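Asker: give the three-dimensional model of this entry:
(2 chains)
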Amino acid sequence: MSMVPDITATEASASGAAVVSEVSAAKKIEGRSPWRLAYERLRSDRAAKIAFGTIVVVILLALFAPVIAALIGHGPNQQFIDIGENANGGPVPPGGTFWFGTDSSGRDLFIRTLYGARVSLVVGVLATGISVALGVVFGLAAGYIGGIVDSLIARMIDVMLSVPFLLIGISIAYIVGASEWLVIVIVGVLSFTALGRIVRGQVISLKQKEYIEAARALGAGPWRIMFVDLLPNVMAQVIVYASLLIPLAIVTEAAFSFLGVGVPPPTADWGAMISDAAGYYQYGYWWYLFFPSLALLITTLAFNIFGDSVRDALDPRGGGLYV
Amino acid sequence: MTETNAVATAGAGSGGDADVLLQVENLVKYFPVSSRGLFQEKLYVHAVEGVSLSVRRGQTFGIVGETGSGKSTLARCVARLYDITSGRVIFDGQDITKLSQRRMRPLRREIQMIFQDPIGSLNPRRRVGSIIGDPFAIHGTASGAERKRRVQELMERVGLNPEHYNRFPAEFSGGQRQRIGVARALAFQPKLIICDEPVSALDVSIQAQVINLLADLQSEFGLTYIFIAHDLSVVRHVSNTVGVMYLGKLTEVAPSEELFTVPRHPYTGALLSAVPVPDPDQSDERQQIILVGDVPSPILPPSGCRFHPRCPKAAPVCVSTDPPLEPRLGDGPQHTAACHLPMAAGENLGDFHPSIDETERIIETPSILLDGDEDGGVPGATSVGGSLSQSGEGSQS
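Answerer: Here you go, the predicted model:
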């Protein structure tokens, strides 16, 4: 009987390869969790590393935007009427003083693009947070409790999916007045539906597992089963979806601002900048449209590629499972 | 349903036998077949139909039966993982049939389960230490270092290396995982452990280890087991009393040795003749009784004795009347069989031919079942699909 642990112990260390043999005995017995395996796969993915590096750079630029602004000496909302506008009162092109040129009001486009990242990231992360929280809670409840709770939540999600997202957002923004927080809440609340459905479907299949029965046999209540037993098993899907939701939220926020119901001026915001620039583009002021658009493109692309890599890392069988 | 009430009725029902730990009376469990449309008659899978049994303290009650015979459903009803359609379950003198999940919680410490699937019964995302520590966490009896100490004690007791506390289930072999399941069930030293095919998924050499472990624990802690299996040799080895289930009913209950030497029910006889014998000469001499046909659908089970469509001894009375489970042919009260025409000792089933109409022997598939798809995860009905697709004739409305 005592042979069994010995046999598998040697098996485990053999398959665990050189990594295990080098670490101390205390470390040896600590298993590699599914998360750790995913992390190692992610680390060996070059696209993921480049995307992650880009995200880090964007975050750092956003964080240190005030510092950079102070170093250059241009405030985000500071108008340079004398040097920032040409003879006709239009934007000046990129140059030594204004690296990205200026906008239609004579403000430094470089500094404003940096400040725009702050809004985008805050909206993207917070809206995704709201969306994940709602999706997980509603998905778990619908999937695990089932019955009438499931029907109610499913109908609610159906209704939310059937009404046009932007139209609702614009209407609400007109009624209560546009603000950054409103955009966060609208994007967060309106985008939890897909995640809720993913979690619900997963939970329905997971709750047939014997370990859920085992938990019930031990006397675990519904809360414990939902958040201790089920949640860790749907976390992979949640993380994948969340990582793809961030760029979606950033783009949606930009769209709201583009339509004039997002972050109110004079706050620097990519969507609002693109919207404003669209009116000047035809007169040859290409930089005004180009730089905010490029910033938006790079940020969302990096998040999207990173999200894809996370999905691949968490799913060794390849893509196509979660989308 | 107050507690005193329950105790009083239980005392009356079981005849006040303090030695009986678990008394099941007329237990019925139906599962609704997932909806087949708005205006159709609602159908049910008759997973368990009127099972009565009693399990004595410190003993092992074995349950054998084919897939879909309702043995796992019975186990889950006893553990109150399922709500019971009708009948009563009396545990340790207390009627637990109608207890809410909340009221059931303290009793969970005393009734534990060991599951069949050593992979599926352990949460793959949690470490072994936290899985085995679950009972302490759920009932709030130990935490922190104390919990870890007790978990490691349990691991040592079931033959696991306590240092593997931080590993994940996937890092263990099948036998070791089943030991983890045993350790978890053992945490509170329950009075009753329901083992739902605990060794069916294991290699034969590992089966013996796990069975011996269960036997050791039984003598050490005075545990009572309900041991479910489809392997007759295993059940014979571990059980004091064995019950044979067929299509949701107990067909025969007897002390282990008696059941295997003098089976009364033809179904038991047929099952025993199918047990492989290691000696090839002996195996050649022996006559195997091959049962014809599939297990009928538990949605519309056969009339009378449920075994009659496949029974070599079937007579008209078997079609018309459901035989009660009672001692037959002068057996003692411990040996009961639900059969009108029980087998005598040494009787050869191959000599018999059914004396019922041929149409009664066809396992009819009602047409209303053919169009619907009822694979809605109905437990205990795993064989339904197979029997439907193979016997696609007959109609009944």
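
Asker: touching chain B at all, whatever helix or strand residue A:312 lives in?
Answerer: Assigned by DSSP states H and E, residue A:312 belongs to helix A:286-314. No - judged by CB under 8 Å from any CB of the partner chain, helix A:286-314 stays clear of chain B, getting no closer than 12.0 Å. In short, each C-beta sits where N, CA and C put it, glycine included.

Asker: quick one: contacts for residue B:110?
Answerer: B:91-92, B:188, B:190-192 (CB atoms under 8 Å, 6 or more residues apart in numbering or on different chains).

Asker: name the member of those with the most neighbours.
Answerer: Counting neighbours by other CB atoms under 10 Å in any protein chain shown, the top entry in the contacts of residue B:110 is residue B:91, with 24 neighbours.

Asker: for the closest residue to it other than its chain neighbours, helix, strand, or coil?
Answerer: Of all residues not flanking residue B:91 in the chain, residue B:22 sits nearest, at 5.5 Å (CB to CB, 6 or more residues apart in numbering or on different chains). Under DSSP: H, G, I helix; E, B strand; the rest coil, residue B:22 falls in the strand class.

Asker: residue B:22: neighbouring residues, count only.
Answerer: Number of residues near residue B:22 (other CB under 10 Å) recorded here: 23.

Asker: same question, the one 5 residues further on
Answerer: A count of neighbours around residue B:27, defined by other CB under 10 Å, yields 24.

Asker: please name the nearest non-neighbouring residue to it.
Answerer: Nearest-residue entry for residue B:27: residue B:87, 3.7 Å, with adjacent residues in sequence omitted and distances by CB to CB, 6+ apart.

Asker: do I have it right that the one you found meets residue B:28?
Answerer: Yes - using CB atoms under 8 Å, residue B:87 makes contact with residue B:28 at a distance of 5.2 Å.

Asker: now for those two: what residues contact both?
Answerer: Each of residue B:50 lies in contact with both residue B:87 and residue B:28 under the rule CB under 8 Å, 6+ apart.

Asker: residues from the stretch 151-300 of chain B in reach of chain A?
Answerer: B:159-161, B:163-168, B:171-173, B:175-176, B:181, B:184, B:206, B:209, B:212-213.

Asker: which of the residues you listed fall within helices?
Answerer: Among those, DSSP state H puts B:175-176, B:181, B:184, B:206, B:209, B:212-213 in helices.

Asker: just the buried residues of the residues you listed.
Answerer: Neighbour-count burial (16 or more other CB atoms under 10 Å in any protein chain shown) applied to those gives B:175-176, B:181, B:184, B:206, B:209, B:213.

Asker: what's the closest non-adjacent residue to residue B:78?
Answerer: residue B:89 (5.8 Å).

Asker: can you give me the distance of the closest residue to chain B within the stretch 201-323 of chain A to residue B:148?
Answerer: The minimum distance from the stretch 201-323 of chain A to chain B, using CB to the nearest CB, falls at residue A:219 (3.4 Å). According to CB to CB, to the nearest Å, residue A:219 and residue B:148 sit 21 Å apart.

Asker: roughly how far does residue A:159 sit from chain B?
Answerer: Between residue A:159 and chain B the computed distance is 23 Å (CB to the nearest CB, to the nearest Å).

Asker: in terms of secondary structure, what does the helix or strand in which that residue is found contact?
Answerer: With elements taken from DSSP H and E, the one containing residue A:159 is helix A:147-162. Using 3 or more CB pairs under 8 Å, 6 or more residues apart in numbering or on different chains; DSSP states H and E, the elements in contact with helix A:147-162 are helix A:192-206.

Asker: centroid-nearest residue for the chain?
Answerer: Since no chain was named, I'll use chain A. In chain A, the centroid-proximal residue (CA atoms, centre = their mean) is residue A:246; its distance is 2.0 Å.

Asker: ah, I was thinking of chain B
Answerer: residue B:71 (2.7 Å).

Asker: return the residues in contact with it.
Answerer: Taking CB under 8 Å, 6+ apart, we find residue B:71 in contact with B:63-65, B:228, B:245.

Asker: wait, residue B:199 sits on residue B:211?
Answerer: Yes - Residue B:199 lies in contact with residue B:211 (CB under 8 Å); the separation is 6.2 Å.

Asker: of these two, which one has the most company?
Answerer: More crowded of residue B:199 and residue B:211, by other CB under 10 Å: residue B:199, with 26 against 19.

Asker: and for the closest residue to the more buried one other than its chain neighbours, the neighbour number?
Answerer: In space, and not counting its chain neighbours, residue B:199 is closest to residue B:207: 4.1 Å by CB to CB, 6+ apart. By other CB under 10 Å, the residues close to residue B:207 number 21.

Asker: could you do residue B:332 as well?
Answerer: By other CB under 10 Å, neighbour count at residue B:332 equals 10.

Asker: now residue B:81: how far from chain A?
Answerer: Relative to chain A, residue B:81 is positioned 6 Å away (criterion: CB to the nearest CB).

Asker: thinking that residue is in contact with residue A:213, fair?
Answerer: Yes - contact criterion CB under 8 Å: residue B:81 and residue A:213 qualify, at 5.8 Å.

Asker: residues shared between the contacts of those two?
Answerer: residue B:113.

Asker: just to revisit the earlier point, what residues are shared contacts of residue B:199 and residue B:211?
Answerer: Residues touching both residue B:199 and residue B:211 by CB under 8 Å, 6+ apart: residue B:234.

Asker: tell me which residue in the stretch 51-200 of chain B sits closest to chain A.
Answerer: Residue nearest to chain A within the stretch 51-200 of chain B (CB to the nearest CB): residue B:108, separated by 3.4 Å.

Asker: so who does that residue touch?
Answerer: Remark: with contacts taken as CB under 8 Å, 6+ apart, residue B:108 is in contact with A:217-219, B:139.

Asker: can I get those in JSON lines with neighbour count, secondary structure and distance to residue A:116?
Answerer: Shown next, in JSON lines, are the contacts of residue B:108 (neighbours: other CB atoms under 10 Å in any protein chain shown; DSSP: H, G, I helix; E, B strand; the rest coil; distance: CB to CB, whole Å):
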{"residue": "A:217", "neighbour count": "24", "secondary structure": "helix", "distance to residue A:116": "55"}
{"residue": "A:218", "neighbour count": "24", "secondary structure": "coil", "distance to residue A:116": "52"}
{"residue": "A:219", "neighbour count": "22", "secondary structure": "coil", "distance to residue A:116": "53"}
{"residue": "B:139", "neighbour count": "17", "secondary structure": "helix", "distance to residue A:116": "54"}
